[in-house]
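S.K.: just need the structure, nothing else, for what follows:
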Amino acid sequence: MANQNTEHLTRPDGTPLRVLAVDDEPSLTELLSMALRYEGWNARTAGTGTEAVRTAREFQPDAIVLDMMLPDFDGLEVMRKVRADQPDVPVIFLTAKDAVADRVAGLTAGGDDYVTKPFSLEEVIARLRALMRRSGAASRRPDAQLVVGDLIMDEDTHEVSRGGEPIHLTATEFELLRFMMRNPRRVLSKAQILDRVWNYDFGGQANVVELYISYLRKKIDVGRQPMIHTLRGAGYVLKSAG
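M.R.: Numbers count the residues shown, from 1 in each chain. Model (predicted):
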């Protein structure tokens, strides 16, 4: 299952947290940005040190996930340049499994944490959450509710109701509904749903999505105006009834 942590962190002003992911492997930064967006955060990526410094200046991130080895200059130099503008931005270094010297250098130079490759996305997200809480960049959203029409979900307590009537969901049903409620009126393909609700390396067939959509419909739509709609060949969309 993808990230199950229900505590929704934002900036103190309630806007989404901003995270910059820097690595010269596009497939890795794409995975990281997907996981960051799933948390409800804004994500930017960079593939070189030069691009990272320029993006950080424009984006003003609340945290940076930074590869030690970049094509032009190393992660330590990126951190020094970024911190000239943002002295307190937390940095998590990505290091090779056997590069002990890199980890020591990164932490000695002022890095806040490190993760060794290969890593799990859940580990990186957990480290980021802890860092941003400690740094004061993040605060827990006071109202952890998602609302679409008369459908209400509390992300902290896992309580769900429609029209005031409680709806009891399994953990997987909850994750699926949460993903849809975070993206109302947006068509979500089966592949997108599999990526975010099930493991990234999930080997099953897309019919598992159809199965769980049918479970949700029985609990949310039966006897009411439907909120979950199928767009043939495209995917599913959740929108308020009427």
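S.K.: contacting residues around the closest residue to residue 238 other than its chain neighbours?
M.R.: Of all residues not flanking residue 238 in the chain, residue 180 sits nearest, at 4.1 Å (CB to CB, 6 or more residues apart in numbering). Any C-beta I mention is one placed from the backbone N, CA and C, and that applies to glycine too. Applying CB atoms under 8 Å, 6 or more residues apart in numbering to residue 180 gives the contacts 188, 228, 236, 238.
S.K.: and the helix or strand hosting residue 180, how far from the chain's centre?
M.R.: Applying DSSP states H and E as the criterion places residue 180 in helix 171-181. Distance of helix 171-181 from its chain centroid, counting by CA atoms, centre = their mean, to the nearest Å, is 14 Å.
S.K.: likewise stretch 43-63?
M.R.: 17 Å.
S.K.: related to what we said a few turns ago, state the distance from the residue nearest to residue 238 to residue 26.
M.R.: Distance of residue 180 to residue 26, computed by CB to CB, to the nearest Å: 28 Å.
S.K.: how about the strands in this protein?
M.R.: For the chain, applying DSSP state E gives strands covering 9-10, 18-22, 42-46, 63-67, 91-95, 113-116, 139-140, 145-148, 151-154, 160-162, 165-167, 228-231, 235-238.
S.K.: and of those, who's closest to residue 197?
M.R.: Proximity to residue 197, assessed across the strands of the chain by CB to CB, is greatest for strand 235-238 (11.7 Å).
S.K.: for that closest one, what is the average pLDDT?
M.R.: Mean pLDDT, strand 235-238: 95.
S.K.: what residues of it count as buried?
M.R.: Within strand 235-238, the residues that count as buried by 16 or more other CB atoms under 10 Å are 235-238.
S.K.: lowest average pLDDT across the strands of the chain?
M.R.: Looking at the strands of the chain, the weakest mean confidence is strand 139-140, a mean of 60.
S.K.: low pLDDT regions in this structure?
M.R.: The model of the chain has pLDDT under 70 over residues 1-7, 97-109, 138-144, 199-206, 242.
S.K.: what do you get if the cut-off is 50, keeping everything else the same?
M.R.: Low-confidence segments of the chain (pLDDT under 50): 1-6, 200-202.
S.K.: against residue 222, how distant is the residue nearest to residue 238?
M.R.: 17 Å.
S.K.: before we move on, what about residue 186?
M.R.: For residue 186, the distance to residue 222 (CB to CB) stands at 24 Å.
S.K.: and those two? which has more neighbours close in?
M.R.: Shown here are residue 186 and residue 222; by other CB atoms under 10 Å, residue 186 has more neighbours (13 against 8).
S.K.: in the sheet, who's paired with the closest residue to that one other than its chain neighbours?
M.R.: Closest residue to residue 186 apart from its sequence neighbours, by CB to CB, 6+ apart: residue 237 at 6.6 Å. Judged by DSSP bridges, the bridge partners of residue 237 are residue 229.
S.K.: returning to that earlier point: just the CA coordinates of the helix holding residue 180, formatted as CSV?
M.R.: Provided in CSV are the C-alpha atoms of helix 171-181 (Å, rounded to 0.1, in the frame of the first residue of the first chain):
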residue,chain,number,x,y,z
ALA,A,171,-8.2,0.6,4.5
THR,A,172,-7.9,0.1,0.7
GLU,A,173,-11.3,1.6,0.0
PHE,A,174,-10.3,4.6,2.2
GLU,A,175,-7.1,5.1,0.3
LEU,A,176,-8.9,4.9,-3.1
LEU,A,177,-11.6,7.4,-2.0
ARG,A,178,-9.0,9.7,-0.5
PHE,A,179,-7.1,9.8,-3.8
MET,A,180,-10.3,10.6,-5.7
MET,A,181,-11.4,13.2,-3.2
